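>>> Next one to model:
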Amino acid sequence: MICRFTHSQGLVSNPGNRLTRSLLVGAMALGATVVPLGLISPAGASSPTISVGSHPTAVAVNPDNNTVYVTNALGNSVSVINGSTNTVTSTVTVGTNPHGVAINPSTNTVYVTNEYDNSVSVINGSTNAVTATVSVGKSPHGVAVNPSTNTVYVTNALGNSVSVINGSTNIVAATVSVGTRPRGVAVNPLTNTVYVTNFLGDSVSVINGSTNTVTSTISVGTGPRGVAVNPSTNTVYVANIAFGSVSVINGSTNTVSAWFSMGSNPHGVAVNPSTNTVYVTNQTAHLVSVLNGLNNHVKSAVTVGSNPQGVAVNPSTNTVYVTNALGNSVSVINGSTN
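So this is what the prediction gives:
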């Protein structure tokens, strides 16, 4: 059963109110461990920023060459950032309203969803040139890659489906039906499992990457958007933007193992598997919450730019990148000091 609640910004500051108690009861009804509220630490010093294009939404990192890619939704472009110098080295023109971005480090190939063109731009990471445009479903939003199988997964928000692209041929090999208004997508390459957030379905669809079939549907909070996987622990993290929370899913059992409050409009989520640290963007609070993946506690919060949305981690350098949609910038966070 899916429990629906109206989000209130008073949730964190007043844990004794009626809505908060209802949220706690609803979470426990889902069988999750409830982490007490009021764990969000005061925000520290602002992180350094990099100017990019208009309305940056998503970000991805290639750890093999320390290169960062940012989609500029209103600029119809992708900014390419040198992670060593934190400078924009190239701007690549793609389709209309690019939203999601993902990288296959094994092939040095970048995939960008063009929401209004119903397509995916394929970029050669060595030349920063668009080498192909792949037609997918209606209103493509999120994108993720399994480098082990060279397979790309794209959520079609208005098609209630996921397009499965063969990375070798740039051909759509399958279309998988999922829940209502799918947004985020993430892959565990160790188990060949794909996780899709259904924004209006308040659920996560679990796809078997070998058969391209949905094997489970997991109820989470209201308005699930961002999703990330820690392959080392087989744990999935889902940001529920309207619920003001993060759901923690056990990848072995496909059950919600923990639930905790996450402040104001959690949007994007990323994991550093090397440190077992989770980063969640709080869209209207203009900060990033830093979670300890071992105990699911918020250990700090970092002030970033206006309207942070996307977040990505380079585990090789322990550096975090956050897109500030209304600030036309990317905040760079030192993962060692936060």
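
>>> does the most centrally placed residue in the chain sit in a helix, a strand or a coil?
Central residue of the chain (CA atoms, centre = their mean): G226, 3.8 Å from the mean position. When classified by DSSP: H, G, I helix; E, B strand; the rest coil, G226 comes out as strand.

>>> Surely it touches V238?
Yes - between G226 and V238 there is a contact under CB atoms under 8 Å: 7.3 Å. Heads up, the C-betas are built off the backbone N, CA and C, glycines and all.

>>> okay, and the common contacts of these two?
184, 197, 269 (CB atoms under 8 Å, 6 or more residues apart in numbering).

>>> The chain: helices as residue ranges?
Here the chain has its helices, by DSSP state H, at 10-13, 18-29.

>>> For S300, name its beta-bridge partners.
V290 (DSSP bridges).

>>> what about it, distance to T87?
Look at S300 and T87: by CB to CB, to the nearest Å, they are 27 Å apart.

>>> With N66 instead?
For N66, the distance to T87 equals 12 Å [CB to CB].

>>> Now stretch 48-55: buried residues?
Buried positions in stretch 48-55, judged by neighbour count with 16 or more other CB atoms under 10 Å: 49-50, 52-53, 55.

>>> closest to S289 among the shared contacts of G226 and V238?
Distance ranking of the shared contacts of G226 and V238 against S289, using CB to CB, places V269 first at 9.6 Å.

>>> Show me what that closest one bridges to in the sheet.
Beta-bridge partners of V269, as defined by DSSP bridges: V280.

>>> Around it, count how many other residues there are.
27 (other CB atoms under 10 Å).

>>> what's the answer for the one 3 residues further on, then?
Close neighbours of N272, defined as other CB under 10 Å, add up to 21.

>>> which residues does it contact?
278-279, 313, 315, 318, 320, 335.

>>> Kindly report the same for S84.
Taking CB under 8 Å, 6+ apart as the test, what S84 contacts is N66.

>>> got the phi/psi numbers for it?
Torsion angles at S84 (phi, psi; degrees, to the nearest 10) stand at phi -80, psi -30.

>>> excluding its backbone neighbours, what's nearest A129?
I123 (6.9 Å; CB to CB, 6 or more residues apart in numbering).

>>> bridging residues for the one you found?
Residues in beta-bridge contact with I123 (DSSP bridges): V110, V130.
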